[in-house]
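# starting from these lines, generate the structure:
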Amino acid sequence: MKKIEAYIRHEAFEPIRTELLELGFPSLSIGEVKGSGRQKGVTERYRGAELTNYLRPKVKLECVVADRDARTIVDTILKHGRTGAVGDGKVFVVPVDEAYRVRTGESGEEILQAHPGAAAAA
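Predicted coordinates for the structure are as follows:
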């Protein structure tokens with residue numbers, strides 16, 4: 001199993017989510033985060049003072065998938081997240097040794113599968 005962790009621009013999230021859903025990957029966790037990287041801070045003027053904000057807002061997207069599906073997820077994120085400008089974000093792929101479903105105690109890759117009828121309920 002692999003955990004894919006991506007830091008992307010806000011405007012890239014919806015196209016990524018839509019395509020992943022169409023490909024059969026509905027399970028994502030997201031959060032709004034701030035961070036700094038190569039892109040410089042944005043300097044703004046507020047009431048006559050110059051303020052530089054070095055922490056830029058991003059969306060953190062996380063999902064755990066079977067090894068065979070990791071490349072598909074990464075390619076989708078890169079396709080919709082790339083503008084060619086500094087600040088597009090980063091994608092990390094990390095091995096996952098174990099995973100458990102809390103409700104049933106099941107473990108392994110079977111916990112990554114959607115429940116029968118889950119797509120119809122969504």
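
# CA only for contacts and neighbour counts going forward, please
OK.

# now do the helices in this protein.
Assigned by DSSP state H, the helices in the chain fall at 10-22, 70-81, 118-121.

# the residue nearest to G87 when sequence neighbours are not counted - how many residues pack around it?
Using CA to CA, 6 or more residues apart in numbering and skipping residues adjacent in sequence, the residue nearest G87 is Q39, 5.6 Å away. As a burial measure, Q39 scores 14 neighbours (other CA atoms under 10 Å).

# may I ask you to confirm that Q39 is in contact with D88?
No - look at Q39 against D88 with CA atoms under 8 Å: they stay out of range, at 9.3 Å.

# retrieve the pLDDT associated with the residue with the largest distance to the centre of the chain.
Largest separation from the mean C-alpha position in the chain: G48, at 37.7 Å (CA atoms, centre = their mean). We have a pLDDT of 86 for G48.

# so who does it touch?
Contacts for G48 (CA atoms under 8 Å, 6 or more residues apart in numbering) come out as none.

# now it: how far from K40?
Relative to K40, G48 is positioned 21 Å away (CA to CA, to the nearest Å).

# again with A66
A66 is 36 Å from K40, by CA to CA.

# now do S27
Taken as CA to CA, the span from S27 to K40 is 33 Å.

# which residues does F13 contact?
Here F13 is in contact with 59, 81 (CA under 8 Å, 6+ apart).

# tell me where this protein has strands.
2-8, 29-35, 42-46, 49-53, 56-65, 89-95 (DSSP state E).

# which other residues reach the fourth one?
Contacting residues not belonging to strand 49-53 are listed as 41-45 [CA under 8 Å, 6+ apart].
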